[in-house]
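Engineer: Please work out how this folds:
(2 chains)
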Amino acid sequence: MDSVFANITMLLLFLTPVASAILVTLVRKKRTIGIITICSASLILVQVFFLVSRIISEKTVTAFGNMFYVDSLSAVILLSISVVGLVSALYSKNYMGRQYDNAMIDDKHIVRYYQGFNVFLLTMLVVPTANNLGIMWVTVEATTLVSVLLIMLYFKENSIEAAWKYLIIATVGLSFALIGTVFFYYANTNVTSFDDAMNWTNMVHNSKLLDPNLVKIAFVFILVGYGTKAGLAPMHTWLPDAHSEAPTPVSALLSGVLLNCGLYAIIRFHVISSNTIGSAFSSHLLIILAVISVGIAAASIYFQKDMKRMLAYSSVEHMGLISLGIGFGGILGVYGAMLQILNHAIAKPLMFFASGTISQKYETKAMSKIKGIIKIMPVTGALFLIGGFALVGMPPFNVFLSEFFILSAGFQSGQFLAVTLVILFLVVTFAVFLRHLIKMVFGNPVVPMKKDDMGKLAVVPMITLGSLVIVLGVFVPQQLQTLVHNAAMIINHGGFA
Amino acid sequence: MESIQLDILTISGSVLLIATFGVVARRGFMDWLNAYRHQSIVLAGVTAIIGYVTGIWEIYIAAVLTLLVKSIAIPKILTYVTRRLDIEFKTETNPYISLRTSIIISALLVALSYFLTQQIPFRSDQVVNVLLPVSMAQFFIGLFVLVNRRTVLSQVVGLLIIENGLFLFTMVLTHGVSLIIEIGILVDILVGIVISSILLFRIGRTFDSLDVTNLANLRDD
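Structural biologist: Numbering: from 1, shown residues only, chains lettered A, B, ... in the order given. Okay, the predicted model is just below:
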């Protein structure tokens, strides 16, 4: 793509959410601002599709000198952001409208919500497109700040607590990431000029020359820092609180997309570090954290009483699985990890939307009080079940495919201990998650309720995601295969496919 | 580099450490804020000296911005939000580890940072030798303050010290990553402080206390 055209493409992509946030501020009418946000999210999706089609044919797009750099790896993340962004915007209209009717939120704060939503999308769009790793850090920190604002939207004790913990833990975590970034930059300034030493492309170019000891230290800092943001155990403690107390559409964005942004940052540095000191060092660290994450998630899901917290722990598990795939390496493992990023980004928002509608109907998040969903809300109940089956990795749904790739990569690379442990934890999660799910979906409601699926706009996003879950389980389109394959090649072949 | 500049940097480094210890040793929020303000002024001075030594004009801008944001804006904001709070909310009466032990631990952390910086293979550079351990010490002591104290306010101060340490670390090691990133980091801090002020206000009103032990409803059991 020629440079002027690329600049305009990137500029428009970033301007869309900005314009939408400004419009929301100016209009301030509850009904209209929801529609504005839906329009901007659809525009973003269209632009991302366009950009991704370019990436599939041209592999990379750079804009504004070398400041922005989009390759297949960024494209995978961009796709998940824009798809989840649109369905969350659609779902927000219905969900926040009902929260307004329930007097959970007033006019002023619904404007705040949509402003925050748009800015949140903007910050997440910059993360995977920034070539300059400093800018990437700044925007990751910005995602924390905006999402804290969205979590503390309700004036409840629990949301205040969740927001505070999230703010402190994520900020401290990210300070580690900044130290790591500065170390990488320092190592790179030793071998190149200062001008573009912070750019990822430049670091990859020089990666063979970097000081191995510095890179080791730096990668540990990066892993702790961005690992906090990605929800890898044992730095995950903020995650269940934040994801369960946020408004449901925001939970979907936090779980489905923001965690991916954290992992994306780790992957970028993993590539550099693999070039410098071989992939064994960073892969082993990733595998260790991944096994801990999957284990802690299994234990926490076992004892869980709260529906949304259970879903949050399932996110910890899936982030663990993705890092496991990256750690196992080989084309199979990395391909599986990339696919898992997309599959998780589809299945998790589906579950959050369903749980949001369910908890609005039952007026509780406690799983013991939710019974017989399928009788009261047939469509939501069925989709909740499908999403749950997908999340535990049951065939023929989409997550099964990627988990299968990741685990076979483990056997291929000879990491038998890690694979055995993870399979054990997955079996526990499978059984416990399904037991919770089936108890909620079937049976008879505790109190009789009217049969009602809570409005079309609540169901449409769920059906969209539900059909994607089913379709991607049996058939991955050719273009998507190419994209995911290219992304995997970038990770396996030192940065350039 | 002339020896006078090096002397100034060494003295500034010790002032930075003394200010950090001020936060560890005192109980009152206003004392911490004063220590932080003075630390930030010295930090801006150190930044300007580094700018003078290296001759990079962008560093002067970073120094001025540091002065404006960290020694004027952030203390003003925090004083403003906390002006109506009871004095008992603003004092650390019962830290997990007593103040006397805290000072000893902080001293050990300083020693640890000198030890660590010797382990890492840096380019030999006088500025790095003098100030890098100081920045690491600030980082560690900030972390320690963050986990050791019970009031929400000291967590904010802990974060601010960590951040000052990070800033010094970046500045000393790389003479500033480019200006646009410095500005981005400063904006992030400023917005972060505004958000934590709003949260402080809400915590005070909702829980009628600023003790972090109140914030323990969300748990898995």
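
Engineer: Contacts only, for the residue nearest to B:G28 when sequence neighbours are not counted.
Structural biologist: Spatial nearest neighbour of B:G28, chain neighbours left out: B:T91 (5.4 Å); criterion: Cβ to Cβ, 6 or more residues apart in numbering or on different chains. For every residue, glycine as well, the C-beta is placed using N, CA and C. By Cβ atoms under 8 Å, 6 or more residues apart in numbering or on different chains, the contact list for B:T91 reads B:27-29, B:151.

Engineer: swap in A:H436?
Structural biologist: A:H436 sits next to A:301, A:304, A:310, A:367 when contact means Cβ under 8 Å, 6+ apart.

Engineer: how about 7 Å then?
Structural biologist: With contacts defined as Cβ atoms under 7 Å, 6 or more residues apart in numbering or on different chains, A:H436 is in contact with A:310, A:367.

Engineer: One more: B:V156?
Structural biologist: B:S196.

Engineer: From the chain's centroid, how far away is stretch A:50-57?
Structural biologist: How far stretch A:50-57 lies from its chain's middle: 21 Å, per Cα atoms, centre = their mean, to the nearest Å.

Engineer: should've said stretch A:120-134
Structural biologist: 14 Å.

Engineer: Please apply the same query to stretch A:350-362.
Structural biologist: Worked out by Cα atoms, centre = their mean, stretch A:350-362 lies 19 Å from the chain centre.

Engineer: distance of the residue nearest to B:G28 from chain A?
Structural biologist: B:T91 sits 20 Å away from chain A, going by Cβ to the nearest Cβ, to the nearest Å.

Engineer: State the distance from that residue to B:K76.
Structural biologist: 21 Å (Cβ to Cβ, to the nearest Å).

Engineer: related to what we said a few turns ago, go through the contacts of B:T91 and name the one nearest chain A.
Structural biologist: Nearest to chain A among these is B:T151, at 12.3 Å by Cβ to the nearest Cβ.

Engineer: check contacts around that closest one.
Structural biologist: Here B:T151 is in contact with B:92, B:210-211 (Cβ under 7 Å, 6+ apart).

Engineer: For it, name its beta-bridge partners.
Structural biologist: Beta-bridge partners for B:T151, by DSSP bridges, are B:D211.

Engineer: Which secondary structure state is assigned to A:L457?
Structural biologist: The assignment at A:L457 comes out as helix when based on DSSP: H, G, I helix; E, B strand; the rest coil.

Engineer: list the contacts for it?
Structural biologist: Here A:L457 is in contact with A:90, A:93-94 (Cβ under 7 Å, 6+ apart).

Engineer: What about those, which are in helices?
Structural biologist: Assigned to helices by DSSP state H, the following of the contacts of A:L457 qualify: A:90, A:93-94.

Engineer: need the strands for chain A, in chain order.
Structural biologist: A:61-63, A:68-70 (DSSP state E).

Engineer: Format the ones you listed as CSV; extra columns: distance to B:F122, mean pLDDT and mean neighbour count.
Structural biologist: Output for those, formatted as CSV (distance: least, Cβ to Cβ, whole Å; pLDDT from 0 to 100; neighbours: other Cβ atoms under 10 Å in any protein chain shown):
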stretch, distance to B:F122, mean pLDDT, mean neighbour count
strand A:61-63, 32, 91, 20
strand A:68-70, 29, 94, 24
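
Engineer: what about those, which gets the closest to chain B?
Structural biologist: strand A:68-70 (13.2 Å).

Engineer: Quick one: name the residues of chain B near chain A.
Structural biologist: Contact residues, chain B versus chain A (Cβ under 7 Å from any Cβ of the partner chain): B:120-121, B:123, B:146, B:155, B:159, B:162-163, B:166, B:169-170, B:173-174, B:177-178, B:181, B:184-185, B:188, B:191-192, B:195-196, B:199, B:202-203, B:206, B:215, B:217-218, B:220.

Engineer: now, which of these lie within strands?
Structural biologist: Per DSSP E, these never map to strands.

Engineer: and those residues, which of them are in helices?
Structural biologist: Using DSSP H, those in helices are B:146, B:155, B:159, B:162-163, B:166, B:169-170, B:173-174, B:181, B:184-185, B:188, B:191-192, B:195-196, B:199, B:202-203, B:206.
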